[in-house]
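Chemist: Take a look and give me a structure for this.
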Amino acid sequence: MIKDKEESARVLLVGVDTGAEQDFDHSMEELKSLAEAAYKQVAGIIVQRLAAVNKALYIGSGKVEEVREYAAACEAEEVIFDNALSPSQVRNLGRELKLPVLDRTNLILDIFAIRAKTREAKLQVETARLQYILPRLVGMRENLSRQGGTGGSTLSNKGAGETKLELDRRKIEHRISELKKELEIVSQSRETMRKRRNHSGIPQVALVGYTNAGKSTILNRMVEYYGENSEKTVLEQDMLFATLETSVRCIRSEGRNMKDAQALSDDKAEGAGAAIENMPFFLVDTVGFIDKLPHNLVKAFRSTLEEVRYADLLVQVVDFSDEHYRQHMEVTAETLKELGAGGIPQIVVYNKADKCHMEGLPRIKDKQIYMAASSGQGLSELRELIKKCVYADRVEKEFLLPYDKGGVLAYFMDNAAILEQQYREDGVLLRVRCQESDAAKYADYGYHAG
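Modeler: Below you'll find the model as predicted:
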């Protein structure tokens, strides 16, 4: 359940600048945005510059007192650190600050837990959270009782605390095993749907990029104007990780959908029919990337993110109005490489270009487009650019299909661009733009005038 702002926890953010990060200030700004995305109220921010982080406390021992006093003054209920903390650091800081201590990984896990709506997403988040907790149980070992007997007793020196820890560890490992089995079943279902899409011959195009760049907005505008069902939109919100689920929608030509095409095929009227420029593609909206994305989350969401690996084309969406957009593109490139999708052809969409006061939108240069998805500027141009890329291997052919070959006709209606059609006494004459493999498959119906 999402808390109201009045009920949300007040938090104090803490960061250590060692000089190793490309832009530490941006990292802290992003941490603030993450906290707000988790519906937390940021009460204050403390930064310390160190040559290296403190192994025991992450921040300097003298800084701990300042953080404790500041947290009390601003009535913070939690303290969130910008980087991943070791189990011992979390334990030591919690003991010193007398407040719950979270790190960036924990915060992102909280956001994912809030956003998870589908069964698959919930399973993935729980798996990642338990994998995060497991090593931190081990880190608590020294705080638990190890007294196993007195006075020369022959009893084991394995104490009650350690036994409890071992039981907790086994429970978590067992639950992770159960979750992985459930995810495998869900993954098989996703694989079956993916194979059906691949079998259809319709190209798959994946929207990728940094979180909050506008991927869901592009998907929604495409669905509203060119989709099979204009009501099948996804949540779009100016917030980090607004959506977690991978959504797949079929995008077809403007002014025509499959019902229109079927109506034409059923007409069988003589003479030339209207051309149907039907070059559909599946558009996939994926979870956004972010700097320092927890590895456990990438692993847990691998079955979902694999949709990217099977794409024929990637559309990298970039928030051009963000001054750090180049860093975001670097993070995206690294994440795609980790997923094994670094070599897939790409189009780069510089979205929100209107916020930079760029005129004459959209602007297209090779496989790059500057546009404003929220207002629809560049939408049709992006669609044409996508079609040009994914249908580059298409050939123009003519086929004469007997009227009893309705299945072949329906196949071309579904998977090819119908440039011209004529209903004759001996069948339907089609001029289409189709895949070379389809042209070879139905070569027996090839038509040669004269």
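Chemist: Spell out the secondary structure type for the residue lying closest to residue 336 once chain neighbours are set aside.
Modeler: In space, and not counting its chain neighbours, residue 336 is closest to residue 342: 5.0 Å by C-beta to C-beta, 6 or more residues apart in numbering. Where you see a C-beta, it was placed from the backbone N, CA and C, and this is true even at glycine. The local conformation at residue 342, judged by DSSP: H, G, I helix; E, B strand; the rest coil, is coil.
Chemist: Repeat that for residue 29.
Modeler: Once three-state DSSP is applied, residue 29 turns out helix.
Chemist: That one - how many residues pack around it?
Modeler: Neighbours of residue 29 under the rule other C-beta atoms under 10 Å: 13.
Chemist: gap between it and residue 42?
Modeler: Here residue 29 is placed at a distance of 11 Å from residue 42 (C-beta to C-beta, to the nearest Å).
Chemist: Please state the backbone phi and psi of the residue nearest to residue 336?
Modeler: Backbone geometry at residue 342, expressed as degrees, to the nearest 10, gives phi -70, psi -20.
Chemist: can I assume it is in contact with residue 333?
Modeler: Yes - with contact defined as C-beta atoms under 8 Å, residue 342 counts as touching residue 333 (7.0 Å).
Chemist: okay, and the common contacts of residue 29 and residue 42?
Modeler: Residues touching both residue 29 and residue 42 (C-beta atoms under 8 Å, 6 or more residues apart in numbering): none.
Chemist: got any ranges where the stretch 201-350 of the chain has weak pLDDT?
Modeler: 201, 228-231, 235-240, 242-245, 253-278, 300, 303-304 (pLDDT under 70).
Chemist: how about the helices in it?
Modeler: 215-226, 258-267, 295-300, 302-309, 325-338 (DSSP state H, counting those that start in this stretch).
Chemist: got it, and the stretch 351-450 of the chain?
Modeler: Using DSSP H, counting those that start in this stretch, helices in the stretch 351-450 of the chain cover 379-390, 406-415, 436-441.
Chemist: And the first one, how far out from the chain middle?
Modeler: With C-alpha atoms, centre = their mean, to the nearest Å as the basis, the distance from the averaged C-alpha position of helix 379-390 to the chain average is 21 Å.
Chemist: buried residues in it?
Modeler: For helix 379-390, burial by neighbour count (16 or more other C-beta atoms under 10 Å) applies to 379, 382-383, 385-387, 389-390.
Chemist: could these go into CSV alongside pLDDT?
Modeler: CSV is the format used below for the buried residues of helix 379-390 (pLDDT from 0 to 100):
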residue, pLDDT
379, 93
382, 95
383, 93
385, 94
386, 94
387, 90
389, 91
390, 88
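Chemist: so for stretch 33-41, what's the average pLDDT?
Modeler: When pLDDT is averaged over stretch 33-41, the result is 92.
Chemist: Put the alpha carbons of that stretch into CSV.
Modeler: Written as CSV, here are the backbone C-alpha positions of stretch 33-41 (Å, rounded to 0.1, in the frame of the first residue of the first chain):
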residue,chain,number,x,y,z
SER,A,33,14.7,11.5,-6.3
LEU,A,34,14.8,7.8,-5.4
ALA,A,35,13.8,8.6,-1.8
GLU,A,36,10.8,10.6,-3.1
ALA,A,37,9.9,7.8,-5.5
ALA,A,38,9.7,5.6,-2.4
TYR,A,39,7.3,8.2,-0.9
LYS,A,40,9.8,9.3,1.7
GLN,A,41,10.2,12.9,2.9
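Chemist: Give me the most central residue, this structure.
Modeler: Computing the C-alpha centroid of the chain and ranking residues by C-alpha atoms, centre = their mean puts residue 287 first, at 1.2 Å.
Chemist: May I have the distance across stretch 41-59, first residue to last?
Modeler: 22 Å (C-alpha to C-alpha, to the nearest Å).
Chemist: Show me how far it is from its chain's centre.
Modeler: 30 Å.
Chemist: which of the residues in that stretch are buried?
Modeler: 41-46, 48, 53-54, 57-59.
Chemist: Next: stretch 90-109.
Modeler: So for stretch 90-109, counting by 16+ other C-beta under 10 Å, buried means 90-93, 96-97, 99-109.
Chemist: Go through the residues you listed and flag which are in strands.
Modeler: 101-103 (DSSP state E).
Chemist: Out of these, which is nearest to residue 22?
Modeler: Minimum distance to residue 22 across these is 19.8 Å, recorded for residue 103 (C-beta to C-beta).
Chemist: How much space separates the closest one from residue 420?
Modeler: 62 Å.
Chemist: Equivalent analysis for residue 400, please.
Modeler: Residue 400 is 13 Å from residue 420, by C-beta to C-beta.
Chemist: Now do the shared contacts for these two.
Modeler: Joint contacts of residue 400 and residue 420 (C-beta under 8 Å, 6+ apart) are 429-430.
Chemist: Could you list everything residue 16 pairs with in the sheet?
Modeler: Legend: beta-bridge partners of residue 16 under DSSP bridges are residue 48.
Chemist: I'd assumed residue 57 was in contact with it.
Modeler: No - Residue 16 is beyond contact range of residue 57, at 10.3 Å (criterion: C-beta under 8 Å).
Chemist: Please compute how far stretch 341-355 lies from its chain's middle.
Modeler: 14 Å.
Chemist: Show me which positions of it end up buried.
Modeler: 341, 344, 346-354.
Chemist: same thing with stretch 394-402?
Modeler: Here stretch 394-402 shows 394, 397, 399-401 as buried, counting by 16+ other C-beta under 10 Å.
Chemist: nearest to residue 81, of those residues?
Modeler: Among these, residue 394 lies closest to residue 81 (C-beta to C-beta), at 53.0 Å.
Chemist: Chain neighbours aside, what residue packs nearest to that closest one?
Modeler: residue 433 is the one closest to residue 394 (C-beta to C-beta, 6+ apart), at 4.8 Å.
Chemist: circling back: and which of the ones in strands among the buried residues of stretch 90-109 is nearest to residue 86?
Modeler: Closest to residue 86, out of all of those and judged by C-beta to C-beta, is residue 103, at 9.2 Å.
Chemist: now the helices for the stretch 1-150 of the chain?
Modeler: 24-37, 61-73, 87-97, 104-115, 119-139.
Chemist: Nearest to residue 374, out of those?
Modeler: Using C-beta to C-beta, the helices of the stretch 1-150 of the chain put helix 24-37 closest to residue 374, at 19.0 Å.
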